[in-house]
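# sharing a model that was predicted from the sequence below.
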Amino acid sequence: MTTLTDDTLPATPRAMRDEMIVFVVMALLLASVPFTGVYPFFVMQALCFALLACAFNLLVGYGGLLSFGHAMFLGTAGYCSAHALKVWALPPELGILVGVAAAFVLSIVTGYISIRRQGIYFSMITLALSQLLYFIYLQAPFTHGEDGIQGIPQGRMFGVLDLSKPTVLYYVVLVGFLAGFLLIVRIINSPFGEVLKSIRENEQRAISLGYRTDQYKFLAFVLSGTLAGFAGALKVFVAQNASLTDVHWTMSGEVVLMTLVGGLGTIFGPVVGAFVIIAMQQYLAGFGQWVTVIQGAIFVVCVLTFRRGVIGEIAHYFRRSL
């Protein structure tokens, strides 16, 4: 794990300035999308998965904990938000809060179970818990099984913002993504984030310095799961459905792929990786089942050519923090 993150630069004033410059450029580019003629649904979907990948990267890239079950947070928040919006007729802002709260509770429970294990054992436990929830949601009445929850009303956020209008919905999703992204950046550059990096590099040394590493890893797991749930709650408004696809283990695999392609342990890498993977799914859909084969081939090429990921290689070449 550390071989992919050895070149991570410390949070110096110069590094933070570079990060903020790139963030402003990214925000301006994303804000101009409705005026470019780009299909908004594609960008909104990519933003939701980008936030999910950033949340996953917080855990694996900075905490050194590889989870194979992050789809359970995405799917749980999606199902709970969808149920709250359609059955309980809650407004959008409360529907999002319900989904985020559900992911928060789930992350506490699953984190308590899994965080005591390390390495492949931790990964296998998260995968097992995710598959357990998949089969629960398959049988649970409120999820409607394989049909999922369809026709979710978008409503008016705060009674003012009509989310049925694509442009309004796009900017709401964009603001949600940027807020979640900034929160992750703040966590990474905080003293808590520095302790996480030290645990990733050498946990025994962190323990010898007096840090209770299990507590730090547990908190990182809860933060990551909650932010992944926020992505799932936003995705409900974009897709207007909640299905088993979001809870399946293949979704967890896609998140790993997005993070590795963009750059593990980089701030902007998961965003780039998410856009690359979603773009391939969108524009290679005509190849049918061969899309997975093409994605696998591209992943192999990226691993062989860009060992640090796309953004990781760029950051290493220019010696910048990205």
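That came through, no problem. Residues are numbered from 1 along each chain as shown.

# for the rest of this, base every contact and every neighbour count on C-alpha atoms.
Noted.

# scan the protein for its longest helix.
In terms of residue count, the longest helix belonging to the chain (DSSP state H) is helix 213-239.

# what's downstream of that helix, the next helix or strand?
Tracing the chain C-terminally past helix 213-239 and defining elements by DSSP states H and E, one meets helix 249-262 next.

# what about that following helix, average pLDDT?
The average pLDDT for helix 249-262 rounds to 90.

# where does the protein have low pLDDT?
Low-confidence segments of the chain, defined by pLDDT under 70: 1-11.

# run through the strands of it in chain order.
Ranges of strands within the chain are 156-157, 161-162, based on DSSP state E.

# the last one pairs with which strands?
It stands for strand 161-162. Using DSSP bridges, the strands paired with strand 161-162 are strand 156-157 (antiparallel).

# run through who's touching the strand it pairs with.
Identification of contacts with strand 156-157 by Cα atoms under 8 Å, 6 or more residues apart in numbering yields 91, 92, 93, 162, 163.

# tabulate those (TSV), appending neighbour count and distance to residue 49.
Shown next, in TSV, are those (neighbours: other Cα atoms under 10 Å; distance: Cα to Cα, whole Å):
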residue	neighbour count	distance to residue 49
91	18	23
92	25	20
93	16	20
162	15	23
163	21	19
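
# centroid residue for the protein?
By Cα atoms, centre = their mean, the chain has its centre lying nearest to residue 52, at 1.2 Å.

# where's the residue nearest to that residue when sequence neighbours are not counted relative to residue 53, distance?
Excluding the flanking residues, the one nearest residue 52 by Cα to Cα, 6 or more residues apart in numbering is residue 228, at 4.8 Å. Distance, residue 228 to residue 53, by Cα to Cα, to the nearest Å: 8 Å.

# residue 261: neighbouring residues, count only.
By the criterion of other Cα atoms under 10 Å, residue 261 has 30 neighbours.

# pretty sure it sits against residue 275.
No: between residue 261 and residue 275 no contact is recorded; they are 10.3 Å apart, counting by Cα atoms under 8 Å.

# show me the contacts for residue 284.
With contacts defined as Cα under 8 Å, 6+ apart, residue 284 is in contact with residue 291.

# can you give me the distance of it to residue 263?
23 Å.

# repeat for residue 30
Applying Cα to Cα to residue 30 and residue 263 gives a distance of 20 Å.

# who has more neighbours, these two?
The residue with more neighbours, out of residue 30 and residue 263, is residue 263; 31 against 17, by other Cα under 10 Å.
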